[in-house]
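1. test case, fold it:
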Amino acid sequence: MTTKIVVGLDGESSGERAVAFARTLAERMDACEVILVYVIEWSPFTFQTAEENAQRHKRREEEIEAATSRVVEPAVAALTKNGMNARGVVRHGDVAEILERIASEEGATQIVVARKSETGFAQRLFGSSTVNLVTHASVPVTVVA
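-> The predicted model follows:
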């Protein structure tokens, strides 16, 4: 049976630390898949016109494309280059909710995230989100310093 580890990416060196920790764990297992997840904070609750919604949808797709090519694909490539089983996912939504949902849907046994990020956006991403994730996750969460 393949063990699955979900790793939260933030596009910063803190996310790289989370990936490195997950890689170390995965290397110690017989069969492991690392699922790298980048979450773009996105609130579905806005009041906009149809034109604004169309622009928002276009912007959302552009953000997914940018996150995939700039953050997720390089991280996946670094792991698979070394023979690891890895894939990436980019979603919009609440960080803690998305990481928990993916872990649950995938049958993951653990979630790995970073404690501290370098920038304001990333810090917000893995600040209170980490607390929410640790509090509500259905699987163990490792918080990497």
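2. for the residue nearest the centre of the chain, grab phi and psi.
-> Nearest to the geometric centre of the chain sits Val37, at 2.5 Å (Cα atoms, centre = their mean). Per-residue torsions, Val37: phi -120, psi 130 (degrees, to the nearest 10).
3. residue contacts, it?
-> Neighbouring residues of Val37 by Cβ atoms under 8 Å, 6 or more residues apart in numbering: 6-9, 88-91, 98-99, 102. For every residue, glycine as well, the C-beta is placed using N, CA and C.
4. dump whichever helix in the chain runs longest to CSV, restricted to CA.
-> For the chain, the helix with the greatest residue count under DSSP state H is helix 50-67. The C-alpha trace of helix 50-67 is given here as CSV (Å, rounded to 0.1, in the frame of the first residue of the first chain):
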residue,chain,number,x,y,z
ALA,A,50,-21.6,39.4,-14.7
GLU,A,51,-18.7,41.2,-16.4
GLU,A,52,-16.7,41.4,-13.2
ASN,A,53,-17.4,37.7,-12.6
ALA,A,54,-16.1,36.9,-16.1
GLN,A,55,-12.9,38.9,-15.4
ARG,A,56,-12.5,37.3,-12.0
HIS,A,57,-12.8,33.8,-13.6
LYS,A,58,-10.1,34.7,-16.1
ARG,A,59,-7.8,36.1,-13.4
ARG,A,60,-8.4,32.9,-11.3
GLU,A,61,-7.3,30.7,-14.3
GLU,A,62,-4.3,32.9,-14.8
GLU,A,63,-3.3,32.5,-11.1
ILE,A,64,-3.6,28.8,-11.3
GLU,A,65,-1.5,28.6,-14.4
ALA,A,66,1.2,30.9,-12.8
ALA,A,67,1.3,29.0,-9.5
